[in-house]
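J.: Predicted coordinates and the sequence they were generated for:
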Amino acid sequence: MANIERSLVLIKPDAVQRELVGEVLGRFEKKGLKLVALKFTSIDEATLEEHYGHLKDKPFFGDLKKFMMQTPVVAMVWEGLGVVDEVRKIVGSTNPREADAGTIRADLSMNVPSNMVHASDSLESAAIEIKRFFDDVELFSYEKLTDRFHFGEGI
């Protein structure tokens with residue numbers, strides 16, 4: 001089987017507030033990635049401290065937690081060939097003003113942390129983050145009719 005991977009994507013409160021959930025989700029669908037988990041969920045402070053623990057010492061950490069708790073987020077798991085890298089290409093640079101045109105962040109946002117989405121940055125992070133937001137029973141495996149066109153024969 002080819003190198004099929006999974007990656008976590010969170011659609012952040014700014015995208016929810018601006019009613020851009022469908023637009024963001026559609027970018028991944030248009031690429032041909034397979035949606036294997038999806039939910040609208042609130043994130044508590046403990047989960048945010050774990051998820052963004054690498055930023056705990058930054059002066060903006062308190063504001064980031066407050067921002068991420070202001071509305072629910074859309075948590076998703078996408079599957080595909082090299083999906084972590086592909087998702088990050090679609091998302092664009094963390095700073096939207098430095099992101100390439102055509103990416104979610106360049107097209108739809110202007111600043112950090114209101115940069116629309118969080119995306120796993122490695123396979124290792126993806127595995128940890130997926131478990132943080134989803135139970136195993138919430139992750140689906142299924143054959144999609146277009147898999148062979150997106151991922152190649154023999155998938």
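T.: Arrived safely, thanks for sending.
J.: Local confidence estimate at Thr94?
T.: For Thr94, the model assigns a pLDDT of 95.
J.: ok, now Phe149?
T.: For Phe149, the model assigns a pLDDT of 89.
J.: Mind giving me the packing neighbours of the helix or strand containing it?
T.: Following DSSP states H and E, one finds Phe149 within helix 147-151. If contacts are counted by 3 or more Cβ pairs under 8 Å, 6 or more residues apart in numbering; DSSP states H and E, helix 147-151 sits against strand 73-81. C-beta coordinates here come from the backbone N, C-alpha and C atoms, glycine included.
J.: helix or strand right after the strand it packs on?
T.: Next along from strand 73-81, by DSSP H and E: helix 83-91.
J.: Residues in contact with that next one: which ones?
T.: 4-7, 9, 27-28, 31, 33, 78, 80, 103-105, 116-117, 119-123, 126 (Cβ atoms under 8 Å, 6 or more residues apart in numbering).
J.: I figured Ala15 hits Asn115, correct?
T.: No: using Cβ atoms under 8 Å, Ala15 makes no contact with Asn115, being 9.2 Å away.
J.: Mind jotting down where the strands sit in this protein?
T.: 4-11, 34-41, 73-81, 117-119 (DSSP state E).
J.: a markdown table for those, including mean pLDDT?
T.: Formatted as a markdown table, the strands of the chain follow (pLDDT from 0 to 100):
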| stretch | mean pLDDT |
| --- | --- |
| strand 4-11 | 97 |
| strand 34-41 | 98 |
| strand 73-81 | 97 |
| strand 117-119 | 98 |
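J.: Tabulate those strands (TSV), appending distance to Glu23 and mean neighbour count.
T.: Converted to TSV, the strands of the chain look like this (distance: least, Cβ to Cβ, whole Å; neighbours: other Cβ atoms under 10 Å):
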stretch	distance to Glu23	mean neighbour count
strand 4-11	10	23
strand 34-41	15	16
strand 73-81	12	22
strand 117-119	11	23
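J.: Quick one: closest of these to Phe140.
T.: Closest approach to Phe140 among those (Cβ to Cβ): strand 34-41, 5.0 Å.
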